[in-house]
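Peer 1: what shape does this take:
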Amino acid sequence: MSILSELGTIIGTKLSELRALIDTKLEPTTEQDIEITDSTKGIILNSPSGKRYRITIDDDGNFIKEEIT
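Peer 2: As a prediction, this is how the structure comes out:
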């Protein structure tokens, strides 16, 4: 086997590993709860028009939405 062939095999393997890693980052899933412990932080969602909103909760359990500009 030539050095170029071996190098091609190594690069191909590493690219496959990188692609798998990127795929897990693009489609994160979990079967566990997610807890946000800082009350000033929340979940940020994008609207169809491109606006961004942070969703938090108040002491009565009501959702609060805040546009992020």
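
Peer 1: and the helices in this structure?
Peer 2: Taking DSSP state H, the helices of the chain run over residues 3-26.

Peer 1: show me where it dips below the pLDDT cut-off.
Peer 2: Applying pLDDT under 70 to the chain flags residues 1.

Peer 1: could you redo the last one with a cut-off of 50?
Peer 2: For the chain, no stretch has pLDDT under 50.

Peer 1: from R19, how far out is K25?
Peer 2: From K25 across to R19, the span is 11 Å (Cβ to Cβ, to the nearest Å). Every C-beta, even on glycine, is put in place using the N, C-alpha and C of the backbone.

Peer 1: try I3
Peer 2: 24 Å.

Peer 1: before we move on, what about D59?
Peer 2: D59 is 45 Å from R19, by Cβ to Cβ.

Peer 1: of these two, who's got more company?
Peer 2: Using other Cβ atoms under 10 Å, the more surrounded residue of D59 and R19 is R19, with 9 against 6.

Peer 1: for stretch 45-62, output the C-alpha coordinates as PDB.
Peer 2: The C-alpha trace of stretch 45-62 is given here as PDB (Å, rounded to 0.1, in the frame of the first residue of the first chain):
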ATOM      1  CA  LEU A  45     -36.500  30.800  20.100                       C
ATOM      2  CA  ASN A  46     -36.500  32.300  16.600                       C
ATOM      3  CA  SER A  47     -39.700  33.400  15.000                       C
ATOM      4  CA  PRO A  48     -40.500  32.800  11.300                       C
ATOM      5  CA  SER A  49     -39.700  36.500  10.600                       C
ATOM      6  CA  GLY A  50     -36.300  36.100  12.300                       C
ATOM      7  CA  LYS A  51     -37.000  37.800  15.600                       C
ATOM      8  CA  ARG A  52     -35.500  36.200  18.700                       C
ATOM      9  CA  TYR A  53     -37.300  35.700  22.000                       C
ATOM     10  CA  ARG A  54     -36.100  34.500  25.400                       C
ATOM     11  CA  ILE A  55     -38.700  32.500  27.300                       C
ATOM     12  CA  THR A  56     -38.500  32.500  31.100                       C
ATOM     13  CA  ILE A  57     -40.900  31.900  33.900                       C
ATOM     14  CA  ASP A  58     -42.100  34.000  36.800                       C
ATOM     15  CA  ASP A  59     -42.800  33.000  40.400                       C
ATOM     16  CA  ASP A  60     -46.400  32.100  39.600                       C
ATOM     17  CA  GLY A  61     -45.400  29.700  36.900                       C
ATOM     18  CA  ASN A  62     -46.400  32.100  34.000                       C
END
